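Colleague: Show me the folded form of this:
(chains A and B)
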Protein chains: 2
Amino acid sequence: MKDSPEYLAKKAFFDKVLTIYGRNAVLEALEDQNITIHKLHLSKSNKDAPVLEQMKHLAKKRNIEVKYHDKASLSRISKNAKQDQGVALDIVLEHFGDEESFISKNINYRIIALDGVTNPQNLGMIIRSCAAGNIDAILLPTKGAAQISPLVIKASAGTLFKMPIIKTSDLKQTLRRFKEEGAALYTLSSHARKSYKEEHYSDKSVFVLGNESEGVSPAIEALCNASVAIPMQRGVESLNVAVTASLLAFL
Amino acid sequence: MKDSPEYLAKKAFFDKVLTIYGRNAVLEALEDQNITIHKLHLSKSNKDAPVLEQMKHLAKKRNIEVKYHDKASLSRISKNAKQDQGVALDIVLEHFGDEESFISKNINYRIIALDGVTNPQNLGMIIRSCAAGNIDAILLPTKGAAQISPLVIKASAGTLFKMPIIKTSDLKQTLRRFKEEGAALYTLSSHARKSYKEEHYSDKSVFVLGNESEGVSPAIEALCNASVAIPMQRGVESLNVAVTASLLAFL
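Modeller: Residues are numbered from 1 along each chain as shown, chains lettered A, B, ... in the order given. All right, here's what the predicted structure looks like:
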C-alpha cells in the first residue's frame, strides 16, 4: 500500500519528525511552547534526577506521550548512544516538507540550496540568517551534509522551528524539478562577471551554496543557469558559507 | 625612560607581535611567506619528529632565529602549556597598531568595534568578512573578549594577516578618542527607526557590535551617536554577531 492515502499521510507526518537527544536539548525543547512535540523517550536505565522529573512533569502538562525503553532501544531511537544521556524527543517540524508541497504553496520564492555543507555551526547560522532574512526555504540534502541535530538547533538560536526546510535525498533531481518549474539556479563564483548586488534575479530563484572547502560539486554546478560574484578586497578568496548565505538572505 | 624614542619603538614593535603555538599552526605560519616572523621557540624536551625538522629547515631558509627553552620557559612563552606541543612562534602582525597610528594614516574610514565578542570562531569570521569587505580596521579590546589565537587564525582563513586591527586596553577611551576625532559611533538595535541600509553614514564611521548574548554594554552604548536596525522576518530577534559584522562590511 505504498501510495494509499494512509501511507502517504503517515509518510508526510514522519518526514516532519526530528528526534533530538541529550538532557539539555530535550528539556529546552519541552519548555518551548512553540515546538510541537510527538513523544518523549526515556531509558529505563536512567538514575533518578531532577531534570528527568522536570521532563516528565512538562510532558504531562503538555499531554505528551512518554515511552520507556531499555538502553539499547533508546540508542536506536536517538541514533547517538554516546550523547543521548538516556533521553530522546520526537519533535514535529511543521515547516519541514518536500519540494512538491513547497511548490504547491509558493508562486515566487528565493531558496538557498546547500550542496554538502558539513559543519553544524554553519548550518545553524544559515538557518538563523535565512529565517531572519528574505529566504523562503532552505533545500537540505539528507546525505553528505550536516543534518539537523541539537548542535544545529543551538547554532540556529531556535529559529529552526520557524524556517521552512525542504529535505531531499537527491539534490540534483530536486534542483532539476525546480528548474522545470521555471526557477533559475544561481551559484557564486569569484570569476562571475556580475556582482550579486547587480544581478536581476528571477522571481523563482534558487541559490546553490557549496561545501566549506570544495564548493559546489561539478554535477550540480552544471545544472545552474548563472553565477554571480561577491566582490572582495585585500585578495580574500572566499567567505564563510554562512556569511555568504546571510549576504544573499539580506540582499 | 618610558617615553624615550627607543622605548616607544620597541613598544610599537611588540604591540605587533603575536605568539602562536601548536605544531600545525606554527608550521602553517612558517610556510606562509606573507607572514613576517620574529622568532621560533622550541622546547628542549621535544622528541625528534619530522615536523620539527621541517620547522627548523624553514626557519633556516627564512633566516629566522630559533631559540631553545626548557619546558617551563616554553610554556611561559606560549602561555598555553596544554596545547603548545613544545613549539611557539612570534609572528609580526604588520597591520596591528594603536588608534593614534590608525588616525594618522586614515582620513575617512569604517571601523567595526567589538565590545566583548568572546567566541573565537565568531572573531575569526568577523576578521575574514571585514578583510573581504569594506571595513578599514577592527577595534579589538585586549580584555573581556576573544583574543587572537590559533583557533581565530584558522576561523579567519588566514585573513588575519591582511586585516588592520587596532588593539585597545580601554575600549571606552578609544571610542571617545574616535568621537573627538570626528567619527560617528553606531550601534545596532531592533528598536532603531532607520534600517542599516537607509542610514547616511558619516565618512568616519565606527560600528559597535556587542557580546553574543549581552549585546553592547550600557557604558559603551551611551557613547554612541545613533543606532540602526537590521529588519528581520519571522519574529527572529537577532543575528549571529559575525553575520551582523558581515552585513555591515558588505553594505
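
Colleague: Write out the residues of chain A neighbouring chain B.
Modeller: A:121, A:125, A:128-129, A:131-134, A:157, A:159, A:162-163, A:230, A:232-236, A:238-240, A:242-243, A:246-247, A:250 (CB under 8 Å from any CB of the partner chain). Heads up, the C-betas are built off the backbone N, CA and C, glycines and all.

Colleague: So how do I select the buried members of those residues in PyMOL?
Modeller: Listed next is the PyMOL selection for buried residues among these, using 16 or more other CB atoms under 10 Å in any protein chain shown:
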select buried, chain A and resi 121+125+128+129+131+132+133+157+159+162+163+230+232+236+238+239+240+242+243+246+247+250
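
Colleague: pLDDT weak spots in chain A?
Modeller: Across chain A, the ranges flagged by pLDDT under 70 are A:1-2.

Colleague: Just the helices from it, written as ranges.
Modeller: For chain A, the helices defined by DSSP state H cover A:5-15, A:23-31, A:50-61, A:71-78, A:99-105, A:120-132, A:150-155, A:171-180, A:218-221, A:241-249.

Colleague: For the third one, which residues meet the burial criterion?
Modeller: It refers to helix A:50-61. For helix A:50-61, the neighbour count (16+ other CB under 10 Å) marks A:52, A:55, A:58-59 as buried.

Colleague: Can you tell me which of those residues is nearest chain B?
Modeller: Closest approach to chain B among those (CB to the nearest CB): residue A:58, at 22.8 Å.

Colleague: Show the contacting residues for the closest one.
Modeller: If you count contacts by CB atoms under 8 Å, 6 or more residues apart in numbering or on different chains, residue A:58 has them with A:27, A:30-31, A:64.

Colleague: again, but for residue A:78
Modeller: A:19, A:21, A:41, A:84, A:87-88.

Colleague: One more pass at 7 Å, please.
Modeller: Applying CB atoms under 7 Å, 6 or more residues apart in numbering or on different chains to residue A:78 gives the contacts A:19, A:21, A:84, A:88.

Colleague: what's the answer for residue A:228, then?
Modeller: Residue A:228 is in contact with A:186, A:188, A:192, A:194-196, A:199, counting by CB under 7 Å, 6+ apart.

Colleague: Then residue A:123?
Modeller: Contacts of residue A:123 (CB under 7 Å, 6+ apart): A:117, A:146, A:152.

Colleague: just curious, which of those residues is nearest to chain B?
Modeller: Of all the contacts of residue A:123, residue A:152 has the smallest distance to chain B: 13.2 Å, by CB to the nearest CB.

Colleague: that older thread, possible to save the contacts of residue A:123 as JSON lines with neighbour count?
Modeller: JSON lines is the format used below for the contacts of residue A:123 (neighbours: other CB atoms under 10 Å in any protein chain shown):
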{"residue": "A:117", "neighbour count": "24"}
{"residue": "A:146", "neighbour count": "22"}
{"residue": "A:152", "neighbour count": "22"}
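
Colleague: are any of the contacts of residue A:58 buried, and which?
Modeller: Burial by neighbour count, judged by 16+ other CB under 10 Å, picks out A:27, A:30, A:64 from these.

Colleague: And for the residue nearest to residue A:171 when sequence neighbours are not counted, the neighbour number?
Modeller: Ranked by CB to CB, 6 or more residues apart in numbering or on different chains and with sequence neighbours excluded, the top spatial neighbour of residue A:171 is residue A:141, at 4.5 Å. Look at residue A:141: counted by other CB atoms under 10 Å in any protein chain shown, it has 22 neighbours.

Colleague: And chain A, what are its domain boundaries?
Modeller: Chain A breaks down into these domains under automatic domain parsing: A:17-92, A:96-249.

Colleague: Out of these, the one nearest residue B:221 is which?
Modeller: The closest of the domains of chain A to residue B:221 is domain A:96-249. By CB to CB, the value is 21.6 Å.

Colleague: and the closest one, how far from the chain's centre?
Modeller: Relative to its chain's centre, domain A:96-249 lies at 11 Å (CA atoms, centre = their mean, to the nearest Å).

Colleague: now do stretch A:79-93
Modeller: Between the centre of stretch A:79-93 and the centre of its chain there are 17 Å (CA atoms, centre = their mean).

Colleague: Between the two ends of that stretch, how far is it?
Modeller: By CA to CA, to the nearest Å, the extent of stretch A:79-93 from end to end equals 18 Å.

Colleague: what do you get for stretch A:163-176?
Modeller: First-to-last distance for stretch A:163-176 - CA to CA - comes to 23 Å.

Colleague: Flag every buried residue along that stretch.
Modeller: For stretch A:163-176, a neighbour-count test (16+ other CB under 10 Å) marks A:163-168, A:171, A:174-175 as buried.

Colleague: and if you look at stretch A:144-159?
Modeller: Those would be A:145-146, A:148-159, for stretch A:144-159 by 16+ other CB under 10 Å.

Colleague: List the contacts of stretch A:200-213.
Modeller: Stretch A:200-213 has contacts (CB under 7 Å, 6+ apart) with A:108-119, A:122, A:175, A:178, A:181-187, A:216-217, A:220, A:224, A:241, A:244-245, A:248.

Colleague: now with 6 Å?
Modeller: A:108-116, A:119, A:178, A:182-187, A:216, A:241, A:244-245, A:248 (CB atoms under 6 Å, 6 or more residues apart in numbering or on different chains).

Colleague: In that stretch, which residues are buried?
Modeller: Those would be A:202, A:204-212, for stretch A:200-213 by 16+ other CB under 10 Å.

Colleague: got a markdown table for the residues you listed, with distance to residue A:100 too?
Modeller: As requested, the buried residues of stretch A:200-213 are exported to a markdown table (distance: CB to CB, whole Å):
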| residue | distance to residue A:100 |
| --- | --- |
| A:202 | 20 |
| A:204 | 15 |
| A:205 | 19 |
| A:206 | 15 |
| A:207 | 21 |
| A:208 | 20 |
| A:209 | 23 |
| A:210 | 25 |
| A:211 | 27 |
| A:212 | 30 |
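
Colleague: tally of neighbours for the nearest residue to residue A:17 once chain neighbours are set aside?
Modeller: In space, residue A:17 comes closest to residue A:90 once its chain neighbours are excluded; the distance is 5.2 Å by CB to CB, 6+ apart. Counted by other CB under 10 Å, the residues lying close to residue A:90 total 19.
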